[in-house]
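Student: How does the following fold in three dimensions:
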Amino acid sequence: MVVSSLVTDPGMPARFGFTMTKKVGNAVQRNRVRRRFRAIAWELVRDGVTGRDVVVRGLPGSLDADWDTLHTELTAAVAGEGASER
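Tutor: This next block holds a predicted model:
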């Protein structure tokens with residue numbers, strides 16, 4: 001995945017957007033990856049991530065990654081611990 005982030009108003013909850021290329025797979029596979037990203041984003045917002053607009057671009061490797069890997073990498077990328085590409 002490629003994660004892009006823009007710092008916004010610290011008082012507002014984080015907002016997430018997702019995009020998947022057709023290289024990820026067919027529509028069913030792309031939507032499965034998007035649902036996983038959306039669930040992780042929901043957890044991050046629930047846990048108090050604020051002041052960011054985040055765009056997550058799914059790459060073909062995202063389809064094969066398990067939940068723990070996606071969760072760890074997306075959480076680290078949103079926290080600013082480095083760029084993530086899967």
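
Student: okay, CA-based contacts and neighbour counts for the rest of this
Tutor: Will do.

Student: contacting residues for F18?
Tutor: Contacts of F18 were listed using C-alpha atoms under 8 Å, 6 or more residues apart in numbering, and they are 34, 37-38, 55-58.

Student: These in strands, which ones?
Tutor: Counted as lying in strands by DSSP state E, out of the contacts of F18, are 55-58.

Student: Including neighbour count, distance to L70 and pLDDT, could the residues you listed go into a markdown table?
Tutor: Formatted as a markdown table, the ones in strands among the contacts of F18 follow (neighbours: other C-alpha atoms under 10 Å; distance: C-alpha to C-alpha, whole Å; pLDDT from 0 to 100):
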| residue | neighbour count | distance to L70 | pLDDT |
| --- | --- | --- | --- |
| V55 | 17 | 15 | 94 |
| V56 | 22 | 11 | 94 |
| R57 | 19 | 12 | 94 |
| G58 | 24 | 11 | 92 |
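
Student: Closest one of those residues to S4?
Tutor: Set against S4, the nearest of the ones in strands among the contacts of F18 by C-alpha to C-alpha is V55 (5.2 Å).

Student: now the strands: where do they sit in the chain?
Tutor: Assigned by DSSP E, the chain shows strands spanning 2-7, 15-20, 52-58.

Student: Which one of the contacts of F18 is nearest to M12?
Tutor: V55 (16.3 Å).

Student: Bridged to the closest one, which residues?
Tutor: Beta-bridge pairing of V55 under DSSP bridges involves S4, G17.

Student: just to revisit the earlier point, distance to A27 for the contacts of F18 - can I get that in a markdown table?
Tutor: Formatted as a markdown table, the contacts of F18 follow (distance: C-alpha to C-alpha, whole Å):
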| residue | distance to A27 |
| --- | --- |
| R34 | 10 |
| F37 | 15 |
| R38 | 16 |
| V55 | 19 |
| V56 | 17 |
| R57 | 15 |
| G58 | 13 |
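
Student: returning to that earlier point: show me the one of the strands of the chain that comes nearest W67.
Tutor: Evaluated over the strands of the chain, closeness to W67 peaks at strand 52-58, with 13.9 Å, by C-alpha to C-alpha.
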